[in-house]
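Enquirer: show me how the following folds:
(4 chains, ligands or ions: 12)
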Amino acid sequence: MAEVTQEKRTDYGPPHYEQFLPPIVKENYGKWKYHEMLKPGVMVHVSDSGAKLYTVRSASGRLLSIEKIRMYCDLADKYCDGYIRFTSRHNVEFLLTKKENIDPLIKDLKAMGHPVGGIGNAISALVHTQGWIHCHSAATDASGIVKCVMDDLIEYFEETKLPGKLRIALACCLNMCGAVHCSDIAILGIHRRPPRTDHANLKKVCEIPNVSASCPTAAIRPATVDGFQSVEVIEEQCMFCANCYTVCPAMPLNDPLNDGVSIWVGGKVSNSRHEPMFSKLAIPYLPNNPPRWPEVTSAVRSLVELWAKNAKKYERMGEWIERIGWPRFFKMAGIEFQKEHIDDFKHAGLTFKRSTHLTF
Amino acid sequence: MAEVTQEKRTDYGPPHYEQFLPPIVKENYGKWKYHEMLKPGVMVHVSDSGAKLYTVRSASGRLLSIEKIRMYCDLADKYCDGYIRFTSRHNVEFLLTKKENIDPLIKDLKAMGHPVGGIGNAISALVHTQGWIHCHSAATDASGIVKCVMDDLIEYFEETKLPGKLRIALACCLNMCGAVHCSDIAILGIHRRPPRTDHANLKKVCEIPNVSASCPTAAIRPATVDGFQSVEVIEEQCMFCANCYTVCPAMPLNDPLNDGVSIWVGGKVSNSRHEPMFSKLAIPYLPNNPPRWPEVTSAVRSLVELWAKNAKKYERMGEWIERIGWPRFFKMAGIEFQKEHIDDFKHAGLTFKRSTHLTF
Amino acid sequence: MSDAALKTPKLDELEKGKWPSFVTEIKMAAKKSPMARDLLGQLEKSYRDKLGYWKHGGIVGVMGYGGGVIGRYSALPEEFPNVSHFHTMRINQPAGWFYTTDSLRKICDIWEKRGSGLTNMHGSTGDIILLGTRTDQLEPIFSELQKIDFDIGGSGSDVRTPSCCCGMARCEWACYDTMAACYDFTMAYQDELHRPAFPYKFKFKFSGCPNDCVASIARADMSIIGTWRDNIQIDKAAVTEYAKSGMDIKADVVDNCPAKCMEWDGKELNIENSYCRRCMHCINVMSKALRPGKDRGATILLGSKAPIIEGAMLSSVLIPFYKMEPPYQELKDIIERIWDIWCEEGKNRERVGEFIQRVGMGNFLDAIELEPVAEMVAHPRENPYVFYEEYYEEGDEEEEKES
Amino acid sequence: MSDAALKTPKLDELEKGKWPSFVTEIKMAAKKSPMARDLLGQLEKSYRDKLGYWKHGGIVGVMGYGGGVIGRYSALPEEFPNVSHFHTMRINQPAGWFYTTDSLRKICDIWEKRGSGLTNMHGSTGDIILLGTRTDQLEPIFSELQKIDFDIGGSGSDVRTPSCCCGMARCEWACYDTMAACYDFTMAYQDELHRPAFPYKFKFKFSGCPNDCVASIARADMSIIGTWRDNIQIDKAAVTEYAKSGMDIKADVVDNCPAKCMEWDGKELNIENSYCRRCMHCINVMSKALRPGKDRGATILLGSKAPIIEGAMLSSVLIPFYKMEPPYQELKDIIERIWDIWCEEGKNRERVGEFIQRVGMGNFLDAIELEPVAEMVAHPRENPYVFYEEYYEEGDEEEEKES
Ligand code: SRM
Ligand code: SRM
Ligand code: SRM
Ligand code: SRM
Ligand code: SF4
Ligand code: SF4
Ligand code: SF4
Ligand code: SF4
Ligand code: SF4
Ligand code: SF4
Ligand code: SF4
Ligand code: SF4
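Expert: Ligands and ions are numbered 1, 2, ... in the order given. Just a heads-up that it's a prediction; the model follows:
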C-alpha cells in the first residue's frame, strides 16, 4: 500500500537543504563575518562567534563516474563528517572544522588526480556543456577542449598569480548552454555551413511554415526539391545559428570540414567595479583539431598571459581592454581585425566607434 | 557683354576666406601657441612669435536686421580695421590687436544692447531654428523661447561661474535642425496629436504609397474616406514624428492644444574627457505658453542650477549625471519618472538597467 | 562492439595532463557499464571524424511530468547498441549544492543499477545530470528517486530548476537567505516546473550579493541579487589595520570605486553612501573592515538569456529593492502577472526578455501593474518617439483631457 | 494690414530683458520693409494662437541650381499680403565665418533692395540665411550676389554647405587647416552642392581638433576632426609654472584623463602616450604646457544625423588617421566611392549613416574598398551571427576553399 502511494508521488521537489548542512554551518548560518585565503584553494571563513570554517576547493572534470563520486564521499567521510558540496563552477568543496585536516585532505585529493585551487585571483574550472558526449547540436566537443585548456593553464588554477579573477567558459553551439556570453574568455563552437536539408524526409518530421519562421534572417522558404515538398535555404543569408535545426531535425548543420571554434573575450558577470559585460569576438575561427585542440589551447594561453602581464590589479579582462581600447588589444594580441569582427546584427550601429577617442 | 557672362556664372562657390582674415591672423596662421581668458567674454591668443590677438565675443539674437549688421560693421571698422567674424553658435566676435580697445568696444556693444560673454565656463548662445518665424513644421517658436531662456540665464553668459561649459540648444520639431540631440540641455518642440488628414485634397498633392511608406510605425494605410481616396492613421501607433507631414502637406500635425516642448539633458559633442553623448529625456512635456514660456524658462534654470551646484569642476551635465546615476538625478531634479522616459524604439532593450549598480 | 576491439588512441591522449580527465571517468564507469563503454567507442569515432553522432532528441519522460528528461539516441545504433538510447535525467539539486555523503551514495546506487554510471555534477542550470539511460529505465529510476526524496528538474518550456549561491551558509556578504528563497520558490512552482505550459523556458537564479556567484544576471529569466539600502558598515579600526599591513587603500580601493564616492586621506576612509552603487568592490577587498549595510534585501531583475534569437541579454532591473522575506508574496504576485501576460501574448519560443523588448517596457509594466521607476533604465530615452495615449480635442475643457 | 493697426502686445513682451531681442530686429527692419512688418503681424497672431501660419514649402529656385532656396508662403496671404511669398535664400558663408565689413555691407545692400531686410547670421548648417523674399526677386538677387562673389548654398538632397571651425586662424590646437579644407571641398563639390542627385542630404563639417567646435560628430554625414598620432608635446617648465600658480594637477588634469594614462608625482607630469585617447582634456586645461603632437592629421568619421527616422546618430570612425594634405585626393576618391554605392543602393531619404546600418558596415567597406580596422568599432561584435561567405565542400582540397 505504502509502496503504491510512493509510486504516485510527484512535485515533492528537491530535498530540503538543511539536512545537508554541516553543524558548523547551521550554527553560524548568516553570521559569517569575514574570510581569508590561507593558500591557493584554501580559505577560512570566520563567524561573528569566532567559529572558523575551512574550505578546500578541488577541481573535478564535472563529468563524474559514480566511482569518483564515491571516492569523494570517502574523503568527505574521513575529513568532513560526511558533508560535501559543489560550486556553481562545478568544483568540489570540502568544508573542514579542523585546520590540521587541510593538508592530509589535499594530499589525498592530489593522489586521486584532483588539483586544489581556483580561489581568489585564479582561473577556476570552466563552465561548459555536453559536446559530442551527449548533444545533437554540438559544433565541437566540450569536455575535451576543457581538459586541454586546463591542462595547459593548470598553474593558474593552482596558484594565485593573476591580477584578478579570470573566468573561462565553453559552449559547443550558439545555444550557449554554458552561458559563455559573459566570460572573460569564451570558447564557442560554431558552424559555418548552411543546413543541408534532408528534402526526402523534411515534410515527414517538420512543419514547413514553422521551419521557415524559425530563421531570423528569413533565409528559408518553402520549395519543392526533387519532387519533395521541402524548403530551400538562401545560403548567402545564412549565419549558421542552427535555429532551424533546433526546430527541425531534417536541417543539420554539423559538418566536420567547417565546424570549429571561436574565441570571445572581455565579459564579466559580477557587479564588482564595472557593470556586467558581454564577451566580444576576438578570434572568429579556429579549427576543430581533436584530441588536443592545440590552436585553441595556445590562443587561450596567449590571451591569459597578455592580460596577466598588462592588466592592473583587480582589472578583469574586459576592464583592461576597455581602458586600453580594442585597437590596442588587437595589436597587442597579434590578432588580425577582420570584417567578421564588425557587428552586423540588429543593434550593430551602436557598436561603431562614435568618437575620436583613439590610440595610435 | 561682360554683364551677360556674369549672369551665367554658376558654381563659383563662396568667396575665398583669405581676403577676410585680419593681417595679424594671416601672419600668425597656424602659429598660435596658447590662449587665456582675460575676463568674461574676452580672451587673448598668443602666437609663437609673441603676437597677441584679443577676442571680444558678443551675443546676437541670430535673427539680425541689416540695420544691426551695419551697426556691427561700424564697430568693426572703429575697433578692428574692418574685420569681424561669427561663431558656430551665432555669436559675433571682434578681433582686436590693441588691448586698449577692448573696454570701449564692450561699452559700445552694451549700449547697443548686446551682452559680452559666453567664453569659458559659461552658457553660450543657443543654437536654434526657425519656429513660427519661417517653418511650416514648428511645434513651438524658436527665437521666442531662446530669448526668454537667455534673459533668465544672462548671468551665466556674462560671468564664468559654472563648473564647465553648458550648451543649450533648441529645435522646434523632431527634424531637429538645431541638432539638439547632443546638448547639455535641449529644448525640443513636440507634437502630440496624430496628423489630421485633409482627405479631400490628399490625393491631389501626394502619392498615397509614399505617404504610407513614410510612417516608421506603419500607422498609415490607404483608405477611402468620405468618398475620397486617401489614407487612414491608426492613432495608437502614431508617435508624432511628422515624417508623413514632411512627405505630404495634407497631413498636418500642428495643433495649439497639444503641441509643446520637451526638455532633454546630458548630451555633449566634444571628445574632451567623456566621448560624445546624446541628450536624454528629462521632461516629457511643457505647454506652449507664449510670449514668455515661464514653465520652460524655469525648468531650464532649475536644471542649470542643480548641475552648477553639484557637478565637479569640468564635469559636463551628462558626465555629472553619469557619475551620480539617473535615479538620483530624477530625485534631485524633482522630476517624476514616467513611462514616457522609458525608451520603446528600436534599441530600447539596450537602455534598460542591466546591472545592480543602483543608489538608494 | 566487442570488448577486445575497444581501442581509443585519440581519447587516450586526454588522459594525459594534470586536469581531471573525463576520459578516465568514462573508462572507470566502462569497467562495469556497457553503456559507458559504447559511449567511449562512439566518442572515439567522433574524435576521429570531428562529428557528433547523436540523433536529434526525441520526447521521452516519466508519467505525470512533462519535462526533466532529455531524450537521446545514437546515430550509430548498430555499431554502438548500448547507447542506442542514451537519455539524460535532470535531478533537482538541493539548494546550494550541499550534500551528505549518504545522499550522494544513494544516487550513485540507483545510477549504477539503472544507468550508465556517468553524471555531471552539475549541469550548467544546476541540476544533477544523470547521463545516459534507456527509456524503459526512466520510470523505475523515478520511482527509486522518490524513495530517497530526490525529484526531477525542469526541461522544455517550463520553470527550470532554480539555483542559488551558498549565501548565508558560507558567505559573509549574503544580503538575504538565498538557499531558503531558492527552496521556497522551487517548491512554490513545482507544477510550473514539471508541466511545461509557457511560451518557452523560465529560469530563476538567486545570488546573495552583487558579486553574483551564480551568474544570475547573465542566465536567469528572473535574477534575484542581494543588496542593501542603507550605509556600508565600516569598522574604522580594521581599516587602519589594513593600512598598516601595507594595503594601498587609495590605489586598491578608492580609485577602483565606480561611483568615485570614497575618500581616503591616509587616516580615515569616508564613503558618500548616497552615491554608492553597491558594486561590492571595496567590501570585497576589505572584507574585515567593510560590510554591506543592515537594511538588506534584493534587486529583482528580469530577462537574461543566451543569444538565440534576438541576441544575448542581461537581466534588467524590475524592482530596485525588495525585502526578501518569506513568503515573498508580493514578488510571487508579480511573477504570476508576468507569466499571465507572457503566456497570453508571448510568441512560441519567445523568452520573457525578448517579449518585453517586443511589447515595450512601458506597456509591459502597465500589464503587470508596476509603476515605472528610474532605476529600471540605464538612462532615459534618447529618441523623441513617445507614444502619448491621449490628446485634447477642440472644445475639450482642459481638465477633461484624460481619456 | 494697415500701418496704424499694427499692435503686437505679445511680441512686445519679448523686447524686455537683457538678451538681444529678435522682435526688436524685426521692428527695426519693419521701419523700411513691409515684408518685415507683415511678418511681425503674422507672428503676433502665431503667438496669440500658438500656431505657425506657414504653408508647406513649395519648390522655387534660381536657374541652373536645384537647391539653395526654401520656398515659403503664408497661410494667411489676405491678412498678410507682404509675406504671401517669404522665401529663404541660403548663401554659402566664407569658411570660418570671417568677413570684412565691406562684404557684409554689400550683402545688406542687396537684401535691403530685394528682400525683407532680415537675416540669420547664420543658419544652423552654417549658411548666411536671407530670410524672406518673393519669387520674382530670386533671379535678380542671384545675379547681384554673383557680382559680389557670393554663391548660393545647398538644400534638398545634395551636398550641404560645408562649415568649419576657425582652426589655424585663431586657435592653437588646430591639427590641420580646417578653413583650407572646407574651402577646397566646397569648391570641389560645387556641382553636387547645387544639383541634388543623392538619395538625401550629405553634410561636411570640419573641426580642427577633438573639441569639435562645429559639432561635426553630431551633425555632419562626414565629420573631419583633427588629431595627432605621436606624443603630446610637453613643456615641463610650463607644467611647473601651473603647479606653482596653484593648479591642482592631480585633481584637475590627471584624475580627469579618460585613459588613466597620466601620472603626476608633484614634480613631473608623465603621459603614457600609447594609451592616450586624444581627448584634449589635459591640453585644454594646460594650454601653455601641453600641445597636440607634431604628426598631425584628422580622423574621418561618417554618418551622423538628426533622429528622423532611424533615431539620431553620431558619426563613426571611417579612417582613424588621415594626413589632411591638399588635394586630399585619397579621401576624395573614397568619398566618390561612398556616393556611388549610396546613390546606387540607398533608398530615397536614407542618409548615409542609415544606409550603412542597413547594409552592414562590413559590406559597406567591401563596396568602398576600404579594409576594416579595429578603430572603426567601439568593440567587436557581441553576437555570434557571423556571415561566412564560403565553406569547404567534401572533396575540396583545403587550399581550394576560397570561392
Ligand atoms: C563557491 C562560489 C559560490 C557557490 O555557491 O558556488 C563562490 C564563492 C565565493 N565568491 Fe564568487 N563564488 C562562486 C562563483 C562566482 C561567480 C560565478 C561564475 O564564475 O560563474 C562569479 C561571477 C564571475 C564573473 O564576474 O564573471 C563570482 C564572483 C565573485 C567576486 C567578484 C570578482 C570580480 O572582481 O569581478 C567576488 C569578490 C572577490 O573575489 O573579491 C567573489 C567572492 C567570493 C567569495 C570570497 C565569497 C565569500 O566570502 O565566501 C567566495 C570564495 C571566492 C573565490 O572562489 O575566490 N565571487 N563568483 C562559486 C565558486 C565557483 C568556483 O568553483 O570557482
Ligand atoms: C569660436 C568657436 C569656434 C568657431 O570657429 O566658431 C570656439 C572657440 C573655442 N573653443 Fe570651442 N568654440 C566654439 C564652439 C564649440 C562647440 C560647438 C557648439 O557649442 O555647438 C563645442 C562642443 C560643445 C559640446 O561639447 O557640446 C566646443 C567645445 C570646446 C571645448 C570642450 C569643452 C568640454 O569640456 O567639453 C573646448 C575646450 C575648453 O573649453 O577647455 C573648447 C575651446 C575653445 C577655444 C578655447 C579654443 C581656442 O583655443 O581658441 C576657443 C574659445 C573657447 C570658448 O568659447 O570658451 N571648445 N566649442 C565656437 C564658439 C561658439 C560660441 O559662440 O560659443
Ligand atoms: C545539459 C545542459 C548543458 C550542460 O552540459 O550543462 C544543456 C543542454 C541542452 N540545452 Fe541548454 N543546457 C543547459 C543549460 C543551459 C543554459 C545555462 C543555464 O541554464 O544557466 C543556457 C543559457 C541560459 C539561457 O537559458 O538562455 C542554455 C541555453 C539553451 C538554449 C538557448 C535558449 C535561448 O533562449 O537562447 C537552447 C535552445 C533551445 O531551448 O531550443 C538550449 C537547448 C539545450 C538542449 C536541450 C539541446 C536542444 O537543442 O534541444 C541541450 C541538451 C543537451 C543534451 O543532449 O544533454 N539550451 N542551456 C544544461 C542544463 C543542465 C541542467 O539542467 O543543469
Ligand atoms: C534653416 C535651418 C534651421 C535654422 O534656422 O538654422 C533648417 C531649416 C529646415 N530644415 Fe533642417 N535646417 C537647418 C539645419 C539643419 C540641421 C543642422 C545642421 O545642418 O548642422 C539638421 C540636423 C543635422 C542633420 O542634417 O541631420 C537639420 C535636420 C533637418 C531634417 C532631418 C534630417 C534627418 O535626416 O533626420 C529635416 C527634414 C527633411 O530633410 O525633410 C530638415 C528640414 C528642414 C526644412 C527644410 C523643413 C522641411 O521639412 O522641409 C526647414 C526649413 C525651415 C524654413 O522654412 O526656413 N532639417 N537641419 C538650418 C539650415 C540653415 C543653413 O543652411 O545654415
Ligand atoms: S551548447 Fe549547443 S551543443 Fe552544447 S549542449 Fe547546449 S545545445 Fe548542445
Ligand atoms: S542556420 Fe539560422 S540563419 Fe541559417 S538557415 Fe538555419 S535558421 Fe536560418
Ligand atoms: S526644427 Fe522642424 S520646425 Fe524647426 S526649422 Fe527645422 S524643420 Fe522647421
Ligand atoms: S506622425 Fe509619424 S508616426 Fe504618426 S502617422 Fe505620421 S509618420 Fe506615422
Ligand atoms: S553571491 Fe555574494 S553572497 Fe553569494 S556567495 Fe557570492 S559573494 Fe557570497
Ligand atoms: S560598494 Fe562600490 S560603489 Fe560603493 S563605495 Fe564601495 S567601491 Fe564604491
Ligand atoms: S575644434 Fe579645436 S581647433 Fe577648432 S576651434 Fe575648437 S579647439 Fe580650436
Ligand atoms: S589627451 Fe586626454 S586621454 Fe590623452 S593624456 Fe590628455 S587627458 Fe589623457
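Enquirer: for chain A, which residue gets nearest to ligand 2?
Expert: Among residues of chain A, the one nearest ligand 2 by CB to the nearest ligand atom turns out to be A:Ser355. It sits 11.4 Å away. (C-beta placed from N, C-alpha, C; glycine too.)
Enquirer: wait, that residue touches B:Arg273, no?
Expert: No: at 11.1 Å, A:Ser355 does not count as touching B:Arg273 under the criterion of CB atoms under 8 Å.
Enquirer: more neighbours: these two, which one.
Expert: More crowded of A:Ser355 and B:Arg273, by other CB atoms under 10 Å in any protein chain shown: A:Ser355, with 26 against 21.
Enquirer: give me the nearest residue to the more buried one, chain neighbours excluded.
Expert: Setting aside the residues directly before and after it, A:Ser355 is nearest to B:Glu275 in space (CB to CB, 6 or more residues apart in numbering or on different chains), at 3.7 Å.
Enquirer: what's the one you found in contact with, if anything?
Expert: A:354-355, A:357, D:258 (CB atoms under 8 Å, 6 or more residues apart in numbering or on different chains).
Enquirer: quick check: of those residues, which lies closest to chain B?
Expert: Proximity of those to chain B (CB to the nearest CB) peaks at A:Ser355, which lies at 3.7 Å.
Enquirer: what sits against the residue of the stretch 51-200 of chain C found nearest ligand 8?
Expert: Using CB to the nearest ligand atom, the closest approach of the stretch 51-200 of chain C to ligand 8 is made by C:Pro199 at 29.1 Å. Contacts here follow CB under 8 Å, 6+ apart; on that basis C:Pro199 touches C:157, C:342-343, C:346-350, C:355.
Enquirer: may I ask which of those has the most neighbours?
Expert: Neighbour count (other CB under 10 Å) singles out C:Trp342 as the most crowded of these, with 24 neighbours.
Enquirer: which bits of chain C sit near ligand 1?
Expert: Residues of chain C lying near ligand 1 by CB under 6 Å from any ligand atom: C:165-166, C:170-173, C:211-213, C:215, C:284.
Enquirer: where do the helices of the chain begin and end?
Expert: All of this refers to chain A. With helices called from DSSP state H, chain A shows them at A:2-8, A:23-28, A:66-80, A:102-111, A:143-158, A:199-205, A:208-214, A:243-247, A:294-310, A:317-324, A:326-333.
Enquirer: if you could check chain C rather than the one you did, that'd help
Expert: For chain C, helices defined by DSSP H occupy the ranges C:9-12, C:22-30, C:34-49, C:101-114, C:135-147, C:178-188, C:190-194, C:216-219, C:236-244, C:281-285, C:329-345, C:352-359, C:361-368.
Enquirer: do you know how far the residue of the stretch 1-150 of chain A found nearest ligand 12 is from B:Ala122?
Expert: Of all residues in the stretch 1-150 of chain A, A:Asn121 sits closest to ligand 12, at 28.1 Å by CB to the nearest ligand atom. Look at A:Asn121 and B:Ala122: by CB to CB, to the nearest Å, they are 48 Å apart.
Enquirer: and the two? Which one has more around it.
Expert: Neighbour totals were compared for A:Asn121 and B:Ala122, and B:Ala122 leads with 23 against 18 (other CB under 10 Å).
Enquirer: burial measure for C:Asp136, as a count.
Expert: Residues contacting C:Asp136 under the criterion other CB under 10 Å number 9.
Enquirer: ok so, going back, save the contacts of C:Pro199 as CSV, and put in pLDDT and distance to ligand 7 too.
Expert: As requested, the contacts of C:Pro199 are exported to CSV (pLDDT from 0 to 100; distance: CB to the nearest ligand atom, whole Å):
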residue, pLDDT, distance to ligand 7
C:Ser157, 97, 48
C:Trp342, 98, 40
C:Cys343, 98, 44
C:Gly346, 97, 39
C:Lys347, 95, 38
C:Asn348, 93, 43
C:Arg349, 93, 43
C:Glu350, 96, 38
C:Phe355, 97, 36
